[in-house]
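Engineer: Build the 3D model from these lines:
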Amino acid sequence: MQPKTAHSARALRSQGALAVLRYVHAHPSATRADASRALGLSSGSATEITSRLKASRLLGEDAPPRTGGRGRPSPSLTAHPDGPLVCVVDISHEAWRVAAVELGGGVLTESDGRHTGTPDVIGPLAEQVAALHTRYGRRLRAVSACVAGTVSGTTVVQASGMGWRDVSLEPLKPAGIPLLVGNDASLAGLAEARRGAGAGSRVVLHLTVEVGVGGILVVDGRPVDGATGAGGEFGHMPFGDPARACPCGARGCWDLEVDGRAMSRALHRPAPRDPRTAAEEIIASAASDPAARAAVAAAARALGRGMGALVNALDPDAVTLSGLAHHLIETAPAELDEGYTAALMRYRRAAPPPVLPSALGPGGPLTGAADAAFDVLLTEEGLQAWSDAWSNA
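Structural biologist: Numbering: from 1, shown residues only. This next block holds a predicted model:
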């Protein structure tokens, strides 16, 4: 049996290493001095920890540029050139991306393409993942998929924009590598809260409009995603007309009031096959077409009303918007603010949570999926698995 003091010492060393790795992942190119100050480490402890992490192929260091000043500048901490990677698979309504991402969020390789919206796309994507696994071997530690749909475990239980029901993403999983699956809007919100417009706020409500409304509440950098991972389906809250049926099976969903379906309906057009494209075209014509302007304004007002209701219920520090929601706040800011303010409880109106456009844009889901995977890897179990992979080679 190991002495308790030896076990405690190892645990402390492990916690120090994890703290440094998590700091570097959240602050790419931070210096050793930055990490020391932020984590309350002595210079000697920081040097010892980074030396161990370099020897374990977890961190690298870049020599600092010469400044001509007194003293020796602290080196920048970077991803090790042989360090752990995650594979991110981003499946939107009509497109896909596959990327290998290193510690700190740097993308080493990326490929993309279009798809027809059927689950048949999973086969070619599995081949892309397998090719990355062959290329990077033991460095590839997880596959993290983000999908424009409702997710439970590794199954897409519903993706209305693509017509998917109960589609398993297990084929994306190479043998021996964990697979994580998340909703694209929720993962974009995670990234926005940690690295984007919501950075520095403790509680962030993120909303995105594509085909309907998605998002997530992020508290202290952690997503509140529910018991099965399906939390954040804000678009299926009954903020709309209760007589209107939603493809999800419910009635009166907020989804149906804010996207291209709502705008087309306001213009007395048939339901669009591609709500995202329809919305983009209507928003683009709003400047010159009064009817299109009125349709966009109505959608913006409906988005604002729902935002206000969620702020009343969830009490965030800030609200971040991405996707078409970003365009709605640009095109019809007065109507969005009108709906938002009217829905807020009176006491909140003097200082409502600010509504902030996305800082990460279309890259948000991929960034969030990579962060979710590194959350799993940057644990004691994750570090032990990394060590075992190299020691057993």
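
Engineer: what stretches of the stretch 1-150 of the chain score poorly on pLDDT?
Structural biologist: By pLDDT under 70, the weakly predicted segments of the stretch 1-150 of the chain are 1-13, 63-73.

Engineer: ok, the closest residue in space to Ala26 that isn't next to it in sequence - contacts?
Structural biologist: Nearest residue to Ala26 in three dimensions, chain neighbours excluded: Arg194, at 6.7 Å (C-beta to C-beta, 6 or more residues apart in numbering). Where C-beta positions appear, they are placed from N, C-alpha and C, glycine not excepted. Going by C-beta atoms under 8 Å, 6 or more residues apart in numbering, Arg194 touches Ala26, Val218, Gly221, Asp371.

Engineer: Tell me which two in those residues are the farthest apart.
Structural biologist: Between any two of the contacts of Arg194, the greatest separation by C-beta to C-beta is 13.8 Å, found for Ala26 and Val218.

Engineer: Just want to know which of those two has more residues nearby.
Structural biologist: Legend: neighbour count by other C-beta atoms under 10 Å for Ala26 and Val218, higher for Val218 (28 against 17).

Engineer: so where do the helices sit in the stretch 51-200 of the chain?
Structural biologist: For the stretch 51-200 of the chain, the helices defined by DSSP state H, counting those that start in this stretch cover 122-136, 184-195.

Engineer: for the longest helix along the chain, what is the average pLDDT?
Structural biologist: Determined from DSSP state H, the single longest helix within the chain is helix 290-314. Across helix 290-314, the average pLDDT comes to 95.

Engineer: packing partners for it?
Structural biologist: Applying 3 or more C-beta pairs under 8 Å, 6 or more residues apart in numbering; DSSP states H and E, we find helix 290-314 packed against strand 203-210, strand 212-219, helix 255-258, helix 260-266, helix 275-285, helix 324-331, helix 333-343.

Engineer: Let me know which of those is the nearest to Ser14.
Structural biologist: strand 212-219 (25.8 Å).

Engineer: can you give me the offset of the closest one from its chain's centre?
Structural biologist: The chain centroid and the centroid of strand 212-219 are separated by 10 Å, computed with C-alpha atoms, centre = their mean, to the nearest Å.

Engineer: Kindly report the same for stretch 250-257.
Structural biologist: Per C-alpha atoms, centre = their mean, the displacement of stretch 250-257 from the mean C-alpha position of its chain is 24 Å.

Engineer: Where do the domain boundaries of this protein fall?
Structural biologist: Following the TED database, one gets these domains for the chain: 4-65+72-79, 85-187+366-392, 197-359.

Engineer: Noted, bye for now.
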